[in-house]
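1. Attaching a predicted model along with its sequence, questions to come.
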Amino acid sequence: MPFNIDLHTHSFFSGDGVSSPEDLIAAARAKGLHGIAITDHNTCDAINYLLQKGLMRLDGLPVDDFLVLPGVEVTTADGHLLCIGAELPYLKGKPARAVCDIIRERGGLAIPPHPYDLFRAGIRFSILETLPVDAIEVFNAATTLRRYNRYAFKYAQIRGLPMTAASDAHHAAAVGTAYTIVNTDDFSVKGILAQILKSNELNQKYQTPRDSLRKTWNNWLRLRRRKRIPELAAKDRPSRNGR
């Protein structure tokens with residue numbers, strides 16, 4: 001059975017995200033998606049938040065026919081790297097190779113997002129060649145230049161790597177702009193991860209200029225918003241003491 005999964009989204013637990021995890025889920029459901037991976041920058045706080053809310057399960061099964069995959073987008077020393085399917089400790093600034101190894105140890109998939117997009121910390125080709133990645137994000141709906149997606153697609157073909165597509169949404173309205181169509185009979189985190197490693201269909205649509213402008217505007221407003229959200233205010237306090 002095909003499942004539409006957006007494998008790259010950000011909630012307000014990311015420094016540049018503004019929507020709650022609940023709003024991401026609601027937007028995804030409204031667009032006919034069956035699941036999302038929440039991949040906030042350098043934090044898995046949204047996962048613990050959703051577990052407490054009863055919107056995720058520790059056993060990796062869906063809640064009310066909707067699946068949230070744990071994840072994180074790590075800012076490695078070599079560029080951004082997605083972990084899909086596992087939680088990670090704080091690894092910002094670590095070498096990409098070391099992060100890949102930790103992802104695998106924890107049962108997740110290492111997937112470079114928006115590779116080649118140096119305006120958004122994409123991992124360079126020379127580094128990609130050395131990494132034991134599990135798949136490549138070949139279509140990022142928010143890429144700076146569309147040719148970067150074409151480069152990623154050609155690289156995945158040459159290396160024989162599975163391909164994914166995702167929205168890279170930083171607000172709920174952009175969720176599901178692009179997504180990966182995962183065909184499996186096992187609708188669970190384990191089943192989706194296993195199928196990602198095989199051939200999948202990709203839904204490819206770019207975010208609109210309005211979405212891009214909205215992200216810029218949201219970044220400007222995010223500090224005020226964070227002060228009004230108790231979970232994020234608490235998170236900010238220790239970050240000023242060394243994180």
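-> Sure, I can see it. Numbers count the residues shown, from 1 in each chain.
2. max-length strand in the chain?
-> Residue-count comparison of every strand in the chain, with assignments taken from DSSP state E, identifies strand 2-9 as the longest.
3. Show me what that strand is packed against.
-> With contacts defined as 3 or more CB pairs under 8 Å, 6 or more residues apart in numbering; DSSP states H and E, the packing partners of strand 2-9 are helix 21-30, strand 35-38, strand 67-69, strand 79-84, strand 136-140, strand 163-166, strand 179-183, helix 189-196. Quick note: C-beta positions are derived from backbone N, CA and C, even for glycine.
4. Need the mean per-residue confidence for that strand.
-> Per-region confidence: strand 2-9 scores 98 on mean pLDDT.
5. For Ser188, list the residues it contacts.
-> Applying CB atoms under 8 Å, 6 or more residues apart in numbering to Ser188 gives the contacts Asp59, Gly60, Leu61, Pro62, Leu67.
6. cool, and Asn149?
-> Shown here is Asn149, whose contacts under the criterion CB under 8 Å, 6+ apart are Val138, Phe139, Asn140, Thr143.
7. Let me see the confidence value for it.
-> Predicted confidence (pLDDT) for Asn149: 97.
8. what's the helix or strand for Gly107?
-> No secondary structure element spans Gly107, as it lies outside all helices and strands (assigned by DSSP states H and E).
9. which phi and psi does the residue nearest to it when sequence neighbours are not counted have?
-> Distance criterion CB to CB, 6 or more residues apart in numbering; nearest residue to Gly107, sequence neighbours excluded, is Ala86 at 5.2 Å. Here is the backbone geometry of Ala86 (degrees, to the nearest 10): phi -150, psi 160.
10. List the residues that contact Ala86.
-> Shown in contact with Ala86 (CB under 8 Å, 6+ apart): Pro70, Gly71, Ile103, Arg106, Gly107, Gly108.
11. buried stuff in stretch 112-122?
-> When neighbours are counted by 16 or more other CB atoms under 10 Å, the buried residues of stretch 112-122 are found to be Pro112, Pro113, His114, Pro115, Tyr116, Asp117, Arg120, Gly122.
12. now it: mean pLDDT?
-> The average pLDDT for stretch 112-122 rounds to 92.
13. Can I get the contacts of Ala86 in CSV including distance to Thr164 and neighbour count?
-> As requested, these are exported to CSV (distance: CB to CB, whole Å; neighbours: other CB atoms under 10 Å):
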residue, distance to Thr164, neighbour count
Pro70, 16, 25
Gly71, 12, 28
Ile103, 15, 27
Arg106, 19, 14
Gly107, 18, 13
Gly108, 14, 24
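14. Distance to Asp16 for those - can I get that in JSON lines?
-> Formatted as JSON lines, those follow (distance: CB to CB, whole Å):
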{"residue": "Pro70", "distance to Asp16": "20"}
{"residue": "Gly71", "distance to Asp16": "16"}
{"residue": "Ile103", "distance to Asp16": "22"}
{"residue": "Arg106", "distance to Asp16": "25"}
{"residue": "Gly107", "distance to Asp16": "28"}
{"residue": "Gly108", "distance to Asp16": "22"}
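15. and which of these is nearest to Ala169?
-> Here the nearest of these to Ala169, counting by CB to CB, is Gly71; it sits at 13.2 Å.
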